[in-house]
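> Would you be able to build a 3D model of this:
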Amino acid sequence: MDSEIIYKVNALDLKSIALSEIISNKKVEEPISIGEFQNKYGEFSPIAREQFKLRNKSWKKLPIHSKHGCLFTQRAFEQCTSEIVAKWKSKEFPASTFLNLTGGLGVDDWAWAMSGTIVKSVDIDPILNHISRYNFEKLNLDINRIDGDALNIISQINPSDYDIIYIDPDRRIVNKRAGSNPENFSPNILEILKLLGNNFNRILIKLSPYTDIEWIKNKFALWTRITVLQHGEDVKEILLLIDNNKNSKKSIDGFYIEGENNYCHWNKSKIEDYNFTSSTFFNIWVPSGMLNCMRLPTIFINKIGFESITKDGQLFITNKKIPVSLGKTYKILSAFNNLSLNQLKIALREENILSGGLRARNVKGLSSSEIQKRLGIAEGDQYQLFLAPSLRGKFNLWVTEK
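Residues are numbered from 1 along each chain as shown. Alright, predicted model coming up:
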């Protein structure tokens, strides 16, 4: 997308209005040729093509932004927070003043501003700043978006004037993932914390869902709260709160967000004390990503009513009713114990189980797809198979409803 063209986007310009209608009006048909794009959108054709590409995804992830005809870029869209998660954050971490050092597409800015917070937002990317200002105008929001570098901005303000300083660093460098080392993040979180010193109220940092919590605890000694956020089947992000209130207690918790005002809150003590009721059949239980991030599945290894299939608590057999927020359960239809892969293949054919999905755990040297091929199981939706090592190089396998 040509940056020079981006700067020409204007909320009052007819071509710009046509761009916004690509997202806001699903009935707008995509031109079938480059010539048609040129006729309708002129020099804005590259932007138009990107909006058509993102339209279906945007209505799922950013429905309010989409309804108002906001514009997006591919990379910013991929990295931004979804509206439902952003709104949850603004409610869970309320603030009267909010400084976002990594404004990006502005979805988090939008959520806090909608809650009545005074928002100041900074980003080093002038293209994103132009698009965000355009979107804020579409959303009728008064948000102060500043062009600048996070470290320079901090040196020019009094950080304690803000209830929350928010950081969502870019974790990719030239299209390569930067890993979990904060020195590779942009901006550098450790440099920001060093510059802030003790002059702040609360710092809220958004981290990748793949970030190890033990690493967070070791790397950020002043951490106050670590929160794992799951929406749908996936963990969306991990939040690190550093609260300068010396009376704040450390906590690790998880939230499963089902809807705007509907979520489940879990922590270690709540799970240990939870009364799981029994059902009339047995299931394979796959703990949720939220539980895995918090390293809590191991609690169930010695818990009555739960049999761990793997040493690390990746899969369990249980007749307990498991809340959706804690993972997915699969009703066991049949089980095969301590057999070789060839013996399993024969047993499955005798049971007329010829298709389904397969998940293998703790099997060295073979992937799930390779094992599925050796078992002669075609891809299908009727069954879900789970396989784990047993004794002397053999395997246990469970066939469940998908």
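
> Show the pLDDT at G179.
Here, the pLDDT recorded for G179 equals 52.

> Please pull out the lowest mean pLDDT helix or strand from this protein.
Ranked by mean pLDDT, DSSP states H and E, the weakest helix or strand in the chain is strand 176-177, scoring a mean of 51.

> Distance-wise, check the residue nearest the centre of the chain relative to S115.
Compute the mean C-alpha point of the chain, and by Cα atoms, centre = their mean the closest residue is K236, 1.5 Å away. Using Cβ to Cβ, to the nearest Å, one gets 19 Å for the distance from K236 to S115. Where you see a C-beta, it was placed from the backbone N, CA and C, and this is true even at glycine.

> for Q314, same thing?
38 Å.

> Repeat that for E78.
Looking at E78 against S115, where the rule is Cβ to Cβ, the gap reads 25 Å.

> Between those two, which is the more surrounded one?
S115 (16 against 13; other Cβ atoms under 10 Å).

> For the nearest residue to that one once chain neighbours are set aside, the count of nearby residues, please.
Spatial nearest neighbour of S115, excluding adjacent residues (Cβ to Cβ, 6 or more residues apart in numbering): S90 at 4.5 Å. Counted with other Cβ under 10 Å, residues neighbouring S90 total 23.

> Can you pull the phi/psi pair for S90?
The main-chain torsion angles of S90 are listed as degrees, to the nearest 10 and equal phi -70, psi -30.

> Repeat that for Q314.
Comment: the main-chain dihedrals of Q314 come out as phi -80, psi -30, following degrees, to the nearest 10.

> In contact with it, which residues?
Contacts here follow Cβ atoms under 8 Å, 6 or more residues apart in numbering; on that basis Q314 touches V286, P287, P297, R361, N362.

> was I right about the fourth one contacting T310?
The one in question is R361. Yes - under the criterion of Cβ atoms under 8 Å, R361 is in contact with T310, at a separation of 4.9 Å.

> hey, what's in contact with both of these two?
Shared between the contact lists of R361 and T310 (criterion: Cβ under 8 Å, 6+ apart) are residues A388.

> So for stretch 279-294, what gets flagged as buried?
Within stretch 279-294, the residues that count as buried by 16 or more other Cβ atoms under 10 Å are 282-294.

> Repeat that for stretch 217-233.
Of the residues in stretch 217-233, those scored as buried under the neighbour-count criterion (16+ other Cβ under 10 Å) are K219, F220, W223, T224, R225, I226, T227, V228, L229, Q230, H231.

> For E43, which non-adjacent residue is closest in space?
Nearest residue to E43 in three dimensions, chain neighbours excluded: I5, at 5.4 Å (Cβ to Cβ, 6+ apart).

> any idea how far T329 is from K120?
T329 is 46 Å from K120, where distance means Cβ to Cβ.

> for T400, same thing?
In this structure, T400 and K120 are 52 Å apart, going by Cβ to Cβ.

> Check L204 too.
Distance check for L204 against K120: by Cβ to Cβ, it reads 15 Å.

> returning to what we had before: ok, so of the buried residues of stretch 217-233, who is nearest N198?
T224 (14.0 Å; Cβ to Cβ).

> OK, contacts around the closest one?
T224 is in contact with L241, I242, D243, S248, K249, K250, S251, counting by Cβ under 8 Å, 6+ apart.

> Check the average confidence over stretch 138-149, would you?
Averaging pLDDT along stretch 138-149 gives 95.
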